[in-house]
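A.B. asks: With the input below, show me the fold.
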Amino acid sequence: MKIRLGLTLAGAALALLTGCDSAPEERQNLLIVGSSTIYPFAVAVADQMKPTSDAEGASAATIESIGTGEGIERFCAGVGLDTPDIVNASRRMTREEYATCAANGVSDIAEIQLGLDGIVFISSVDEGLEFPLTTRAVYQALAASPFGSSQGSENWSDIDPAFPEAPIVVYGPPETSGTRTSLIDLVMEPVCTSDAGMKGFGKGSDRYETMCRTIRSDGKYLDQGEQDDVTLRKVAQNPRSIGVLGYSYYEENTDKVRAHTLGGVAPTEESIMDGSYPASRPLYMYVKKAHLEQMPTIRDYVGRWTQMWGVGGTLEGMGLVPSGGEAMEAAMAAATDLPTLDPGELPSDGSEAGADQVATGNEDGEAPAPAE
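C.D. replies: Residues are numbered from 1 along each chain as shown. Down below sits the predicted model:
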């Protein structure tokens, strides 16, 4: 946890320095925004670069942990040094987000898969809840309208008599977070759509959105903001709670929290890499190619990732799960060539989780079936 706190403080200091620095059009350091999950890895990579100024405390990059959704929104606001050069995302950009980018003149974008992560459900190691979860149980506990019914579950035992008679209290990320979108894409929506009673409801309809993609808002799911370390602290202090966060934060704090299995599979580097863990996901970086001429250090920064993201690399030691096989080969090529993104390959509204799951390295190229 000491490493994580140090990175957070460093990021705050950098933000203050930027506020006192020269005008945006004159800035020399990279501006990177987005995912809190990717934030510590992004800082570690930037730390390997030479500062752009000799001033004490100067850095090669200002990195802001503001969440995937807000990060993409800022990235897509336009071209120019008052806008970010790079956005980190714990899910893929959607076609709708790309359309906003393009409307604002941001159409020349490179997409790079940085590695893999998993959505982990944690409890305190100190007398915390300990029972095996399934994707179906998570959906039934968190959906606003599970399978079209009123959400009336108060305790975990209401979901399954074998579960403890403990109140449902789940700390998790906000709507702007890619982790929350991945929770919906990878866990809730697949369970919802697998039910025979869902046939005939069109994707995108109000009823579909309520049943399949809306988390309950009655105080059982508690939004903890973009910082996963806040969720971790809340869970560590409340043994009757469950938290939702990225694998790297869990892996770094196994002395404080334990992970629930999901469909009988524990979240490990191996199960995330081979896709057997049901809530595995890729992590991404999007580069604004229109800034390459004014900010040539973008290529240096992207290149540093390729030196640190592999098996045995620095980032794996921090909890980043390396991409495997063809996914790693494609990522290396993208980092070198920075090919322009084809928006036709993007999911719509972040709901096509299957397209992302293929990129995790499953040998059969298919998303895992929902665990019952």
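
A.B. asks: Now do the strands in the stretch 101-250 of the chain.
C.D. replies: Across the stretch 101-250 of the chain, reading from the start of the chain, the strands by DSSP state E, counting those that start in this stretch fall at 109-124, 170-172, 221-223, 242-246.

A.B. asks: May I see those strands arranged in TSV, with distance to Leu142 as well?
C.D. replies: Where C-beta positions appear, they are placed from N, C-alpha and C, glycine not excepted. What follows is those, written out as TSV (distance: least, CB to CB, whole Å):
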stretch	distance to Leu142
strand 109-124	11
strand 170-172	6
strand 221-223	6
strand 242-246	9
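
A.B. asks: Pick the most buried one from those strands.
C.D. replies: Among the strands of the stretch 101-250 of the chain, ranked by average contacts under mean count of other CB atoms under 10 Å, first place goes to strand 242-246 (a mean of 28).

A.B. asks: For it, give me every contacting residue.
C.D. replies: Strand 242-246 is contacted from outside by 37, 90, 117-123, 129, 169-173, 179-180, 183, 224, 228, 231-232, 234-235, 257, 260, using CB atoms under 8 Å, 6 or more residues apart in numbering.

A.B. asks: ditto for stretch 300-307
C.D. replies: 30, 45-46, 48-49, 60-61, 86, 112, 114, 285, 287, 313, 315, 331-332, 335-336, 338.

A.B. asks: buried ones in it?
C.D. replies: Residues of stretch 300-307 classed as buried by neighbour count (16 or more other CB atoms under 10 Å): 301-302, 304-306.

A.B. asks: Contacts only, for Ser90.
C.D. replies: 35, 37-38, 68, 117, 177-179, 182, 246, 281, 283-284.

A.B. asks: change it to 10 Å
C.D. replies: Listed by CB atoms under 10 Å, 6 or more residues apart in numbering, the contact set of Ser90 reads 34-38, 67-68, 71, 114, 117, 119, 173, 177-182, 246, 281-284.

A.B. asks: Thr134 and Arg281: what is the separation?
C.D. replies: 18 Å (CB to CB, to the nearest Å).

A.B. asks: and stretch 71-84, how far from the chain's centre?
C.D. replies: The offset between the C-alpha centroid of stretch 71-84 and the centroid of the whole chain comes to 19 Å, using CA atoms, centre = their mean, to the nearest Å.

A.B. asks: And for stretch 183-195?
C.D. replies: Using CA atoms, centre = their mean, the offset of stretch 183-195 from its chain centre is 17 Å.

A.B. asks: sorry, back to before: in TSV: the strands of the stretch 101-250 of the chain, plus mean pLDDT and distance to Glu345.
C.D. replies: Supplementary listing: the strands of the stretch 101-250 of the chain in TSV, determined by pLDDT from 0 to 100; distance: least, CB to CB, whole Å:
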stretch	mean pLDDT	distance to Glu345
strand 109-124	97	9
strand 170-172	96	29
strand 221-223	95	31
strand 242-246	95	24
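
A.B. asks: Please name whichever of the ones you listed is nearest to Asp274.
C.D. replies: Set against Asp274 and scored by CB to CB, the strands of the stretch 101-250 of the chain come closest in strand 109-124, at 9.9 Å.

A.B. asks: shaky segments in the stretch 1-150 of the chain?
C.D. replies: By pLDDT under 70, the weakly predicted segments of the stretch 1-150 of the chain are 1-25, 52-58.

A.B. asks: Mind jotting down where the helices sit in it?
C.D. replies: Using DSSP state H, counting those that start in this stretch, the helices of the stretch 1-150 of the chain run over 2-19, 39-46, 68-75, 95-103, 135-142.

A.B. asks: didn't Pro282 look like it was pressed against Arg92?
C.D. replies: Yes - using CB atoms under 10 Å, Pro282 and Arg92 qualify as a contacting pair, with a distance of 7.6 Å.

A.B. asks: of these two, who's got more company?
C.D. replies: Higher neighbour count among Pro282 and Arg92: Arg92, with 29 against 24, using other CB atoms under 10 Å.

A.B. asks: quick one: that one from Thr254, how far?
C.D. replies: When distances are taken as CB to CB, Arg92 and Thr254 turn out to be 29 Å apart.

A.B. asks: If anything else comes up later, I'll come back, but that's it for now.
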